[in-house]
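S.K.: Give me a 3D structure for the following:
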Amino acid sequence: MNKALGIDLTVKPTDGNNYRTIVPTMTSAKKLPDWIQLPAWWNSGFNTGGLAGTQLADLTPYLAGDKIKKYPNLAALPTGAWQVGAWGNKIYGIPSQVDRVIRLLG
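M.R.: This next block holds a predicted model:
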């Protein structure tokens, strides 16, 4: 995947049970990784929008308007889904769609 992306991607999975401690600690220290997933369920009281433009990059120049057509899977997401990652009419987060995930119980 690193070759396809042209970058050195390091993945550091985190137990969702620890998000309430880990994410605020990283943001306080201004040490967020290049990519972070913040599911809506993890902490409704956390001011994610307060990170917009300071610790979260503005993705609008890359994804707004016709530029999204370069990424057909993202372009297929419903317009309303993008609202969770937008602050001040700018895109800071990419929605993840989980309704297509099938949970198998053994």
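
S.K.: got a list of what the closest residue to Met26 other than its chain neighbours touches?
M.R.: Of all residues not flanking Met26 in the chain, Leu32 sits nearest, at 5.3 Å (Cβ to Cβ, 6 or more residues apart in numbering). From N, CA and C alone the C-beta is placed, and that goes for glycine too. Counting by Cβ atoms under 8 Å, 6 or more residues apart in numbering, Leu32 touches Met26, Leu51, Gln55, Leu56.

S.K.: Please report how far Leu32 lies from Lys70.
M.R.: Distance, Leu32 to Lys70, by Cβ to Cβ, to the nearest Å: 25 Å.

S.K.: Same question for Trp82.
M.R.: 16 Å.

S.K.: in this protein, what spans have low per-residue confidence?
M.R.: By pLDDT under 70, the low-scoring segments of the chain are 40, 42-43, 97-106.

S.K.: Kindly recompute the last result at 50.
M.R.: 100-106 (pLDDT under 50).

S.K.: ranges for the helices of it?
M.R.: 2-5, 19-28, 60-63, 72-75 (DSSP state H).

S.K.: Which strands and helices lie in contact with the first one?
M.R.: With contacts taken as 3 or more Cβ pairs under 8 Å, 6 or more residues apart in numbering; DSSP states H and E, helix 2-5 sits against no other helix or strand.

S.K.: can you pull the alpha-carbon coordinates of it into PDB?
M.R.: What follows is helix 2-5, C-alpha atoms only, in PDB (Å, rounded to 0.1, in the frame of the first residue of the first chain):
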ATOM      1  CA  ASN A   2       2.900   2.400   0.700                       C
ATOM      2  CA  LYS A   3       4.100   2.100  -2.900                       C
ATOM      3  CA  ALA A   4       0.600   2.800  -4.300                       C
ATOM      4  CA  LEU A   5       0.200   5.800  -2.000                       C
END
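
S.K.: from the middle of its chain, how far away would that helix be?
M.R.: Taking Cα atoms, centre = their mean, to the nearest Å, the mean C-alpha location of helix 2-5 is offset from the chain mean by 20 Å.

S.K.: Could you shift the numbering so residue one becomes 54, and keep it that way?
M.R.: All set: I'll call the first residue 54, so the last point we hit is now helix 55-58.
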